[in-house]
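Colleague: sequence unavailable; structure follows:
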């Protein structure tokens, strides 16, 4: 019985082999090429980051190393530091701006206190101020001065452009600085020891000096040179074109000594808010304007509070994002370690 079954199995295998041979013989050349190529293609390999089998220790050990190489490697650490710096940079900028506003507040507060102290010392005469300058003694800025003398209108310069607001409309003009000879001094050119510079105020563009009226009696304060801005054009003393107040250069351009002091005329009354046009020219500045800044020190405190709040908000958001990223990396490492076990 067993022998008959074996003979039957042999005949069945021979019949199947014969049918396969006939099918291959009947197939087209293209079909035979595709069948042969499919037999030569190797099975697909698993990705490098997967664990093909728990039985291979080497492959299992490589998987967690690849999963955790990002943050711990040198390249991953550099990217992590760059990402943290990028997230925290807005907060750092806000902190710097907050400190800058606080520094401005401190500086302006000290400036206003110094101005009030100088004004509280009482008025001095032009002769006193000029004598102190000749002796090399420093005269505090914003010292009150009684100005009496004779205008030398031919020895004048204009600081331009200086725009003045009148009823909300800008008017181009300039500040007029003129040499003034003290009362009692001779009119000789050699007697320049008794001459000071006086900032008479603002004049509109195209204004001309009227004839006559060369005597001057007014009140003012001592002033120093201005600090030009980053975009302020340079002065040209040779052509008497000035864009910012440089007292020694102006004095030298007018043929005076470099240590000649400068006095700015000041009128009583409220601050100039641009609500009305001057009734006469030159228009001196209001003493109330000289005792204050266009941007009050208290405004810098508000600006500092704004920048400080933004620094806290942006810094808190950055720290929250960095903490979330750290938790994600730790969870990924634990997951990789669990797959290894």
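Modeller: Right, received. Where do you want to start? Source: prediction; values computed, not measured. Numbering: from 1, shown residues only.
Colleague: so where's the stretch 201-341 of the chain uncertain?
Modeller: Low-confidence segments of the stretch 201-341 of the chain (pLDDT under 70): 212-213, 273-276, 325-334, 336, 338, 340-341.
Colleague: so which residues of the stretch 151-300 of the chain form helices?
Modeller: Using DSSP state H, counting those that start in this stretch, the helices of the stretch 151-300 of the chain run over 247-253, 287-290, 297-340.
Colleague: which of the ones you listed is buried the deepest?
Modeller: Of those, the one with the most neighbours on average (mean count of other CB atoms under 10 Å) is helix 247-253, at a mean of 19. C-beta coordinates here come from the backbone N, C-alpha and C atoms, glycine included.
Colleague: give me the contacts around that helix.
Modeller: 157, 177, 197, 223-225, 235, 237-238, 240, 242, 257-262 (CB atoms under 8 Å, 6 or more residues apart in numbering).
Colleague: hang on, the earlier thing: indicate which one of the helices of the stretch 151-300 of the chain is closest to residue 113.
Modeller: helix 297-340 (10.4 Å; CB to CB).
Colleague: ok so, going back, nearest to residue 102, of the helices of the stretch 151-300 of the chain?
Modeller: helix 297-340 (4.9 Å).
Colleague: show me how far the closest one is from its chain's centre.
Modeller: 23 Å (CA atoms, centre = their mean, to the nearest Å).
Colleague: packing partners for it?
Modeller: With contacts taken as 3 or more CB pairs under 8 Å, 6 or more residues apart in numbering; DSSP states H and E, helix 297-340 sits against helix 57-67, helix 74-120.
Colleague: of those, which approaches residue 128 most closely?
Modeller: Once the helices and strands packed on helix 297-340 are compared by CB to CB, helix 74-120 is nearest, at 13.9 Å.
Colleague: what about the closest one, average pLDDT?
Modeller: Summarised as a single mean, pLDDT over helix 74-120 is 88.
Colleague: what does stretch 126-139 give?
Modeller: Throughout stretch 126-139, pLDDT has a mean value of 90.
Colleague: can you tell me what sits against that stretch?
Modeller: Residues from elsewhere that reach stretch 126-139, judged by CB under 8 Å, 6+ apart: 143, 145-149, 180, 182, 193-194, 196, 222, 259-261, 263.
Colleague: show me the beta-bridge partners of residue 169.
Modeller: Assessed by DSSP bridges, residue 169 has beta-bridge partners residue 166.
Colleague: how near is it to residue 16?
Modeller: As judged by CB to CB, to the nearest Å, residue 169 and residue 16 stand 107 Å apart.
Colleague: what's the answer for residue 293, then?
Modeller: Taking CB to CB as the measure, residue 293 and residue 16 are separated by 106 Å.
Colleague: likewise for residue 84?
Modeller: 70 Å.
Colleague: the two: which has the busier surroundings?
Modeller: Remark: of residue 84 and residue 16, residue 84 carries more neighbours, 15 against 10, as counted by other CB atoms under 10 Å.
Colleague: tell me the contacts of the more buried one?
Modeller: Contacts of residue 84 were listed using CB under 8 Å, 6+ apart, and they are 318, 322.
Colleague: what do you get for residue 312?
Modeller: residue 91.
Colleague: can you give me the end-to-end span of stretch 267-282?
Modeller: Taking CA to CA, to the nearest Å, stretch 267-282 runs 12 Å from one end to the other.
Colleague: tell me the buried residues in that stretch?
Modeller: Under the neighbour-count criterion of 16 or more other CB atoms under 10 Å, stretch 267-282 has 267, 272, 278, 281, 282 buried.
Colleague: centre of the chain to it, how far?
Modeller: Offset of stretch 267-282 from its chain centre (CA atoms, centre = their mean): 35 Å.
Colleague: let the chain start at 19 from now.
Modeller: OK, 19 is where the count begins now, so the last one is stretch 285-300.
Colleague: got the contact list for it?
Modeller: Stretch 285-300 is touched from outside by 182-186, 194, 218-222, 225, 283, 302-307, 310, with contacts defined as CB under 8 Å, 6+ apart.
Colleague: tell me the buried residues within the contacts of helix 265-271.
Modeller: Buried subset of those (neighbour count, 16+ other CB under 10 Å): 175, 195, 215, 241, 253, 255, 260, 278, 279, 280.
Colleague: and those residues as a markdown table, adding distance to residue 142?
Modeller: As requested, the buried ones among the contacts of helix 265-271 are exported to a markdown table (distance: CB to CB, whole Å):
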| residue | distance to residue 142 |
| --- | --- |
| 175 | 25 |
| 195 | 20 |
| 215 | 16 |
| 241 | 14 |
| 253 | 29 |
| 255 | 29 |
| 260 | 27 |
| 278 | 16 |
| 279 | 11 |
| 280 | 14 |
